[in-house]
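In: Just the structure for this:
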Amino acid sequence: MQQLNVSDLLRALQIMERNVSVTLMYSGLRVPQFRLLELLDECGQATVTEVSKKLNITRATASVQINELIQTDIVAVSENEADRRSFHIHITEHGMNKLRVARNDLSVMQHEFNRSYSENTITALNIFAAETILSRR
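Out: Residues are numbered from 1 along each chain as shown. You can find the predicted model right below:
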């Protein structure tokens, strides 16, 4: 049975993340910011605690990212009626515009990736990603 070469996998993931980072530069977003906006677009709004849990980052990291996005008018906050100690974060129109640009740019990158690898490789990577994500929940 063939063994997974974890070292090479990490290098491949680093290359992929660097390529995604370069692609996202045109939208003005970094990878963590893009992930946060994707989450907010999916769920509509979230608290800092919800963001940290769903993105698997610390609450402090989530707070720093959210504060950066608030300062640039990419996200906004509203009062949390259920818990006055927290607030809800949601995407602004400016943030949605940046997210649209990022998604468009990433779709071009994805198309190039799909052309570069066999269907079997892409299927295996999709299965690996799905199983990895499911095992971390």
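In: use CA for all of it now, contacts and neighbours both
Out: Fine.
In: For Ser86, give me its contacts.
Out: Thr47, Val48, Glu79, Asn80 (Cα atoms under 8 Å, 6 or more residues apart in numbering).
In: Quick check: Gln2 vs Asn126, distance?
Out: Distance of Gln2 to Asn126, computed by Cα to Cα, to the nearest Å: 19 Å.
In: more crowded one of those two?
Out: Using other Cα atoms under 10 Å, the more surrounded residue of Gln2 and Asn126 is Asn126, with 12 against 4.
In: contacting residues around the lowest-mean-pLDDT helix or strand in the chain?
Out: In the chain, the helix or strand scored least confidently by mean pLDDT, DSSP states H and E is helix 119-135, which has a mean of 90. Applying Cα under 8 Å, 6+ apart, the contact partners of helix 119-135 are Asn114.
In: got it, and stretch 87-96?
Out: Residues from elsewhere that reach stretch 87-96, judged by Cα under 8 Å, 6+ apart: 37, 40-41, 44-48, 66, 73-80.
In: Narrow those to those in helices?
Out: Leu37, Leu40, Asp41, Val48, Ile66 (DSSP state H).
In: Show me which of those residues is closest to Thr23.
Out: Leu37 (16.0 Å; Cα to Cα).
In: three-state assignment of the residue most central in space within the chain?
Out: Among the residues of the chain, the one closest to the centroid is Arg35, at 1.7 Å (Cα atoms, centre = their mean). Using DSSP: H, G, I helix; E, B strand; the rest coil, the structure places Arg35 in helix.
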